[in-house]
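Novice: Quick one, fold the following:
(chains A and B)
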Amino acid sequence: MQRKRTLAQQDMLVGFALILPSFLIILGISLQPILTTLYLSLFEVPRGINLQNTFIGLGNYISLLSEPIFWSSIGRTFYFTVISVGIELVLGLAIAQLIHAHPPGWQFLRTSLIIPWAVPTIVNGTMWRWIYNADYGALNGLLFQLGLIDKYIPWLTKPDVAMNLVILADIWHSVPFIALILQAALATLPADLEEAAAVDGATYFQYFWFIRLPLLRPAILVALIIRTVEAFRAFDIIYVITNGGPANGTVTISYLTYLEMFTFGHAGRGSALSFLISLVTLTLAFIYIRMLYRPEEKQ
Amino acid sequence: MKKILRIILLSSLVLLALLFIYLPVAWLVISSISSRSELLSTPIHWIPQQPTFQNYINILSPSQGTSEVAKTFRITLWNSLLVASSVTLIALTFGSIAAYALIRLRFRFRQTLLIGILGTRMIPEISLVIPLYLFATRFGLFNSPAILIITYLSFALPFAIWLMAAFFESIPVELEDAARIDGCNRLQTLWRIIMPISAPGLVSTGLFVFLTAWDEFFFALILTSTVSAKTVPVAIAEFTGRYVVDVGGMMTGGVLAAIPPVLLSLIFQRYIVSGLTAGAVKG
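Specialist: Down below sits the predicted model:
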């Protein structure tokens, strides 16, 4: 009994010692800053160095919520997130199943998927921006030679088109992520399930819908949440392809926050916006973590 | 007959997927070895008539006449390497020991700490950037690789803890019990037993952290201003805005920036897939 207690105490001591460095780093560069951001969001922060901040309570939030640009950027963020993640999920699931069927070349396809995933976001954006180029871009060149368009189109000058093209670039980058996760999950499913279903006379569609999809549910949910969080706060790819334009057509909530903070110099309003993004992100994150680490179930 | 049809259908789908993956990349590479006049020609020269590696030479071994931009690329590639490697090393060291403690040791608030730390990984960079910017200017760290290393830890460290925790959880406790019976204390067990068998986990985690740090753009955009700390993504993004004419140079920069992560991921393919699924298949 005595020995057991000292072991537990020793564990606790060692445990705190091992966690302490990480804890301090996280405290300093994540917790303290996010609390400062929350604090700043309650102030009117004037541009310039030695000026006093004025406490305005929820003033930043209230004024933001009453402005059309806030709501239109929220709308664009939802559009971007829903469309890109939706298409990525469908395509990712399709490619995962394709690989799982082991057609000729499936191994090469699986390896190839790593490439778009590994290409840095900014390189990806630059590449697509060049492809979409109005005068010399490959998209215009291809469509023109195929006879699908009769003159070159300035793709990125139309707000809706620009948004959809940013989404296409995002899809190219992110479908592999979902496909890789789902094909790995498929590989762990027992093979005899399929045979059993076939013996019972299930069609492929029935098998897919009633057996495979439910078994893939955990993997799908994880991929979905990670991608939703990423898409919801997308910034890099928009910055490099459209710079938020044309006519604010690709200004999502993250981009608006960036503009408020660094272009308009409204640190208070920017902080309020960024805190709202954090709230949404963290809510999604906690759902995810609860799924991964179900508390103490195993112990 | 039906079987042949099925194979034809599936193969053409594979081909379609491969085209979708490779066409944009091919265009990126082709653009990087095309001369300016070929890039700006209509109709498009899909295959350059006179491929040139001048863009690569300009960046990799700049001579007297080389443009500022090409020299910038070379330096920023080095900055990216320095920052990403340092972040990886620090995150792996502190992250793995913390993850071990969070998974294996029993103490109060363990679960709360674990969830809290994992949660901080999800905090968007934009919510941290103003305080971090103020911190950087106050301590004279603005525009230094050090500030990037410090700020990148805000996502790299929780990420490393997260991934390592998943790996440690998959190691059977019995192994440790055996070591403890043989007289090892906690730290000895961690160092002699756990770390060696966690090598695949460490490789995979290190890889993910490195790739994420190499990819990072936002902090670098805000916290650096000159080549003394600028990273490759920032250099490329500026290129897009300012030097629209030198598309070839820009694409070359893109290829060079993509080579390290793509090569690493292909070499350590198995670790990538296992790392991606460390969370996914647990659920």
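Novice: hey, let's count contacts and neighbours off CA atoms from now on
Specialist: Noted.
Novice: I'd assumed residue B:214 was in contact with residue B:156.
Specialist: No - under the criterion of CA atoms under 8 Å, residue B:156 lies out of contact with residue B:214, with a separation of 11.2 Å.
Novice: residues touching residue A:81, list them.
Specialist: Counting by CA atoms under 8 Å, 6 or more residues apart in numbering or on different chains, residue A:81 makes contact with A:228, A:231-232.
Novice: and the helix or strand hosting residue B:22 with chain A, contact?
Specialist: Element membership of residue B:22 [criterion: DSSP states H and E] is helix B:2-32. Yes - applying CA under 8 Å from any CA of the partner chain, one finds that helix B:2-32 is in contact with chain A at B:7, B:10-11, B:13-14, B:17-18, B:20-21, B:24, B:27-28.
Novice: Can you go through the residues you listed and name the buried ones?
Specialist: Applying a neighbour-count criterion of 16 or more other CA atoms under 10 Å in any protein chain shown, the buried members of these are B:10-11, B:13-14, B:17-18, B:21, B:24, B:27-28.
Novice: Can you report how many residues neighbour residue 73?
Specialist: Looking at chain A here, since you left the chain open. 21 (other CA atoms under 10 Å in any protein chain shown).
Novice: looking at chain B here, not the other one
Specialist: 30.
Novice: Would you list the phi and psi of residue A:54?
Specialist: Here is the backbone geometry of residue A:54 (degrees, to the nearest 10): phi -110, psi 130.
Novice: how much space is there between it and residue A:44?
Specialist: 5 Å (CA to CA, to the nearest Å).
Novice: same question, residue B:45
Specialist: Residue B:45 sits at a distance of 55 Å from residue A:44 (criterion: CA to CA).
Novice: Tell me which residue of chain B lies closest to chain A.
Specialist: Among the residues of chain B, residue B:98 lies nearest to chain A; the distance is 4.4 Å by CA to the nearest CA.
Novice: Make sure that residue is actually in contact with residue A:25.
Specialist: No - because the distance of 11.8 Å does not satisfy CA under 8 Å, residue B:98 is recorded as not touching residue A:25.
Novice: With neighbour numbers in mind, choose between these two.
Specialist: Summary of the neighbour comparison: residue B:98 and residue A:25, criterion other CA under 10 Å, with residue B:98 having more neighbours (28 against 18).
Novice: So that one, which state does it fall into?
Specialist: Following DSSP: H, G, I helix; E, B strand; the rest coil, residue B:98 is assigned to helix.
Novice: okay, it: pLDDT?
Specialist: Here, the pLDDT recorded for residue B:98 equals 94.
Novice: Of residue A:54 and residue A:44, give the one with the bigger neighbour count.
Specialist: Using other CA under 10 Å, the more surrounded residue of residue A:54 and residue A:44 is residue A:44, with 19 against 13.
Novice: The more buried one and chain B, how far apart?
Specialist: Using CA to the nearest CA, to the nearest Å, one obtains 14 Å as the distance from residue A:44 to chain B.
Novice: residues touching that residue, list them.
Specialist: For residue A:44, the set of contacting residues under the criterion of CA under 8 Å, 6+ apart consists of A:53-56, A:60, A:266-269.
Novice: Residue nearest the middle of the chain, spatially speaking?
Specialist: Using chain A. Central residue of chain A (CA atoms, centre = their mean): residue A:230, 1.5 Å from the mean position.
Novice: that's the wrong chain, I meant chain B
Specialist: Mean-position check on chain B, CA atoms, centre = their mean. Result residue B:211 at 1.1 Å.
Novice: hmm, back to that, need the three-state assignment for the residue nearest to the centre of chain A.
Specialist: Three-state call for residue A:230 (three-state DSSP): helix.
Novice: So for it, what's the pLDDT?
Specialist: Confidence at residue A:230, expressed as pLDDT, is 91.
Novice: all strands in the stretch 101-250 of chain A, in order from the N-terminus.
Specialist: Per DSSP state E, counting those that start in this stretch, the stretch 101-250 of chain A carries no strands over any range.
Novice: got the residues of the stretch 51-200 of chain A near chain B?
Specialist: By the criterion of CA under 8 Å from any CA, the positions of the stretch 51-200 of chain A lying close to chain B are A:95, A:98, A:103-106, A:109, A:111-116, A:118-123, A:126-128, A:130-131, A:136, A:138, A:141, A:172, A:180-181, A:184-185.
Novice: at 7 Å instead, please
Specialist: On the criterion CA under 7 Å from any CA of the partner chain, chain B has as its neighbours in the stretch 51-200 of chain A the residues A:103-104, A:109, A:114-116, A:118-123, A:126-127, A:136, A:141, A:180-181, A:184-185.
Novice: Quick one: buried ones out of those residues?
Specialist: Looks like these have A:103-104, A:109, A:114-116, A:118-123, A:126-127, A:136, A:141, A:180-181, A:184-185 buried, using 16+ other CA under 10 Å.
Novice: The stretch 1-150 of chain B against chain A: which residues are in contact?
Specialist: Going by CA under 7 Å from any CA, the residues of the stretch 1-150 of chain B near chain A are B:7, B:10-11, B:14, B:18, B:21, B:28, B:40, B:43-44, B:94-95, B:97-98, B:101, B:105-107, B:115, B:119-120, B:122-124, B:126-128, B:131-132.
Novice: ok and the residue in chain A nearest chain B?
Specialist: For chain A, CA to the nearest CA, closest residue to chain B: residue A:19, 4.4 Å.
Novice: Looks like that residue contacts residue B:98 (just checking).
Specialist: Yes - counting by CA atoms under 7 Å, residue B:98 is a contact partner of residue A:19 at 4.4 Å.
Novice: Just the buried ones from the residues of the stretch 1-150 of chain B next to chain A?
Specialist: B:10-11, B:14, B:18, B:21, B:28, B:40, B:44, B:94-95, B:97-98, B:101, B:105, B:107, B:115, B:119-120, B:122-124, B:126-128, B:131-132.
Novice: mind listing the helices for the stretch 101-250 of chain B?
Specialist: B:110-120, B:129-138, B:145-169, B:173-181, B:186-188, B:195-197, B:199-215, B:218-223, B:232-242, B:247-267 (DSSP state H, counting those that start in this stretch).
Novice: among those helices, which is the most enclosed?
Specialist: helix B:145-169 (a mean of 24; mean count of other CA atoms under 10 Å in any protein chain shown).
Novice: got the angle between that one and helix B:110-120?
Specialist: Orientation of helix B:145-169 against helix B:110-120 (axes from the mean of the first three to the mean of the last three CA atoms, to 10 degrees) gives an angle of 130 degrees.
Novice: residue boundaries of the helices in the stretch 101-250 of chain A?
Specialist: If DSSP H, counting those that start in this stretch is used as the criterion, the helices of the stretch 101-250 of chain A fall at A:106-112, A:114-118, A:121-131, A:138-145, A:159-187, A:192-199, A:204-206, A:213-232, A:236-241.
Novice: I'd like those written out as CSV, with distance to residue B:239 added.
Specialist: As requested, the helices of the stretch 101-250 of chain A are arranged in CSV below (distance: least, CA to CA, whole Å):
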stretch, distance to residue B:239
helix A:106-112, 28
helix A:114-118, 21
helix A:121-131, 9
helix A:138-145, 19
helix A:159-187, 19
helix A:192-199, 53
helix A:204-206, 49
helix A:213-232, 25
helix A:236-241, 10
